[in-house]
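Engineer: sequence? don't have it. structure:
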């Protein structure tokens, strides 16, 4: 993954007309899904220092024009430190919570004011032949955040360093309803009129939780959460994210953002993203492409979703039986289920298994078949099928699968809505072609992972 800012000399050639049409069609479902939804975006002061603000503003302007409601929170640590150094103070803010004395607080106010004006100016651009052409975007800032002092911890007085006490969600929603973008600085105010310096990460997360945002996005310096081979992990269930934090496998910098992402998802935010700001168009790539470019944390209820065991065979058979009787599924004997049980995953709640799916791997072709994706009728409608699908896609990716396929006679529309494209029997692995039941005449659908 390229982490350097891309200049015009390294821009790829313009796409051909068929490429553009294909790309536009692929993006359209995301546009429909996100129109009217609230995204809370936090970005570091390092992004501003790297002269990436104008590019980000253009991308955010595009999101706004697509009907996405935006709340932005900027960081300011390097700018505050520059102010402190210029005034001859020795204190420097560090990552995370730092004690803030009176001098540092004044520098934080000055830095926040300058950054806010720079952001407002960037959103006021309207030059022809740029993404901001004819854009008329209003940016609203205000005292939306009530703060409280951190106080004294282990004998250390944090003075003007604060925490979020309350977010004025009604006022923010009113501003969003008017079509404006809301911009917040990492400062909050107490009912007595005192100002407190907040961390951008905590403020962004608190705002996302209060607004029940569809997405929380952190734009920061690192590429995202990485595995043991330093490869970016595209998607993490919250419990897996918490396990990484406990095992201290990430840098302190990434761990701080991952902790906030986990907190947001646990408190009801649908998706939380850690995205590298140094990649040109990173926020667009993360939102409008399937795999994204950073790490997405989701509330994949892994306490309910697990690998099947031999003790689950009876429950799986009970789920499958009605669909075998009406011809939706091929009949599978208990012996077959027992023999292949390690391929199954099940959804369980309070000891009741109400969903399952299986994955058959064809390593030579880097393909896998997903089958038996079932959710009990009494549990349908709550997104459980999508949860199972996402889980099986992740299992397939972990096996190195590039294409996932399904064979279906009754549920083609459901798979098409989730990105599967109709193929033919000749597209299947040779082993699966030989086992294809031509009497059933099942339709073949493929999805690239």
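Structural biologist: Perfect, thanks for sending it. Nothing here was measured: the structure is a model prediction, and the numbers come from that model. Numbering: from 1, shown residues only.

Engineer: Contacts made by stretch 366-373 with the rest, please.
Structural biologist: 316, 320, 329, 332, 344, 356-362, 385, 388-389, 392, 396, 399-407, 428-429, 432 (Cβ atoms under 8 Å, 6 or more residues apart in numbering). Glycine gets a C-beta too; all of them are placed from N, C-alpha and C.

Engineer: oh sorry, the question was meant for stretch 356-364
Structural biologist: 308, 312, 316, 319-320, 340, 343-347, 368-374, 388-389, 391-392, 395-396, 399-401, 429, 431-432.

Engineer: Any of those buried? List them.
Structural biologist: 308, 312, 316, 319-320, 340, 343-347, 368-374, 388-389, 391-392, 395-396, 401, 429, 432 (16 or more other Cβ atoms under 10 Å).

Engineer: Which ones among those residues map onto helices?
Structural biologist: 316, 319, 320, 388, 389, 391, 392, 395, 396, 432 (DSSP state H).

Engineer: For the residues you listed, which two are the farthest from each other?
Structural biologist: 319 and 432 (23.2 Å; Cβ to Cβ).

Engineer: Relative to residue 327, how far out is residue 441?
Structural biologist: Distance, residue 441 to residue 327, using Cβ to Cβ, to the nearest Å: 12 Å.

Engineer: overlap in contacts of those two?
Structural biologist: With Cβ under 8 Å, 6+ apart, residue 441 and residue 327 have common neighbours residue 409.

Engineer: How far away from the center of its chain is the lengthiest strand in the chain?
Structural biologist: Longest strand in the chain, counting residues (DSSP state E): strand 352-362. Centroid separation for strand 352-362 versus its chain: 25 Å, with Cα atoms, centre = their mean, to the nearest Å.

Engineer: For the residue lying closest to residue 227 once chain neighbours are set aside, give its distance to residue 401.
Structural biologist: Nearest in space to residue 227, with sequence neighbours left out and distances taken as Cβ to Cβ, 6 or more residues apart in numbering, is residue 233 at 5.6 Å. Here the distance between residue 233 and residue 401 works out to 16 Å (Cβ to Cβ).

Engineer: cool, and residue 344?
Structural biologist: 17 Å.

Engineer: what do you get for residue 356?
Structural biologist: From residue 356 to residue 401 the distance is 19 Å (Cβ to Cβ).

Engineer: One more: residue 144?
Structural biologist: 46 Å.

Engineer: same thing with residue 335?
Structural biologist: Residue 335 is 27 Å from residue 401, by Cβ to Cβ.

Engineer: do residue 169 as well
Structural biologist: Residue 169 is 42 Å from residue 401, by Cβ to Cβ.

Engineer: swap in residue 294?
Structural biologist: 22 Å.

Engineer: same thing with residue 106?
Structural biologist: 56 Å.

Engineer: ditto for residue 378
Structural biologist: 32 Å.

Engineer: Show me the shaky parts of the chain.
Structural biologist: 1-15, 127-133, 300-303, 350 (pLDDT under 70).

Engineer: Mind listing what's buried along stretch 112-125?
Structural biologist: Under 16+ other Cβ under 10 Å, the buried positions of stretch 112-125 are 112, 115, 116, 118, 119, 120, 122, 123, 125.

Engineer: Which of these fall within helices?
Structural biologist: Going by DSSP H, the helices hold 112, 115, 116, 118, 119, 120, 122, 123 from those.

Engineer: Would you mark the buried spots in whichever strand or helix holds residue 28?
Structural biologist: Using DSSP states H and E, residue 28 falls within helix 17-34. Neighbour-count burial for helix 17-34, with 16+ other Cβ under 10 Å as criterion, is recorded at residue 34.

Engineer: again, but for stretch 397-417
Structural biologist: Buried residues in stretch 397-417 (16+ other Cβ under 10 Å): 397, 401, 403, 404, 405, 406, 407, 408, 412, 414, 415.

Engineer: and the two most separated of those?
Structural biologist: Maximum distance among those (Cβ to Cβ): 23.5 Å, for 397 and 412.

Engineer: can you list contacts of stretch 112-121?
Structural biologist: Contacts for stretch 112-121 (Cβ under 8 Å, 6+ apart): 45, 48, 53, 57, 72, 74, 76, 79, 139, 141, 183, 185-187.

Engineer: Can you say which of those are buried?
Structural biologist: Here, 16+ other Cβ under 10 Å leaves 45, 48, 53, 57, 72, 74, 76, 79, 139, 141, 183, 185-187 buried among the contacts of stretch 112-121.

Engineer: quick check, nearest of those residues to residue 35?
Structural biologist: Of these, the one sitting nearest to residue 35 (Cβ to Cβ) turns out to be residue 72, at 18.6 Å.

Engineer: so the closest one touches residue 61, yeah?
Structural biologist: No: Residue 72 is beyond contact range of residue 61, at 11.4 Å (criterion: Cβ atoms under 8 Å).

Engineer: neighbours of the closest residue to residue 134 other than its chain neighbours, just the number please.
Structural biologist: Distance criterion Cβ to Cβ, 6+ apart; nearest residue to residue 134, sequence neighbours excluded, is residue 126 at 6.4 Å. Per other Cβ atoms under 10 Å, the neighbour tally for residue 126 reads 12.

Engineer: In this structure residue 126 contacts residue 137, no?
Structural biologist: No: using Cβ under 8 Å, residue 126 is not in contact with residue 137, being 9.5 Å away.

Engineer: Where do the strands of the stretch 251-400 of the chain begin and end?
Structural biologist: 271-276, 295-298, 305-307, 344-349, 352-362, 367-375 (DSSP state E, counting those that start in this stretch).

Engineer: so the fifth one versus strand 344-349, what angle?
Structural biologist: Translated: strand 352-362. 160 degrees (axes from the mean of the first three to the mean of the last three Cα atoms, to 10 degrees).

Engineer: From the contacts of stretch 112-121, which land in helices?
Structural biologist: Using DSSP H, the contacts of stretch 112-121 in helices are 45, 48, 53, 57, 79.

Engineer: May I ask which two of those are separated the most?
Structural biologist: Farthest pair in the ones in helices among the contacts of stretch 112-121, by Cβ to Cβ: 57 and 79, 16.9 Å.

Engineer: How about the contacts made by residue 286?
Structural biologist: Residues in contact with residue 286 (Cβ under 8 Å, 6+ apart) are 217, 273, 275, 292, 293, 294, 296.
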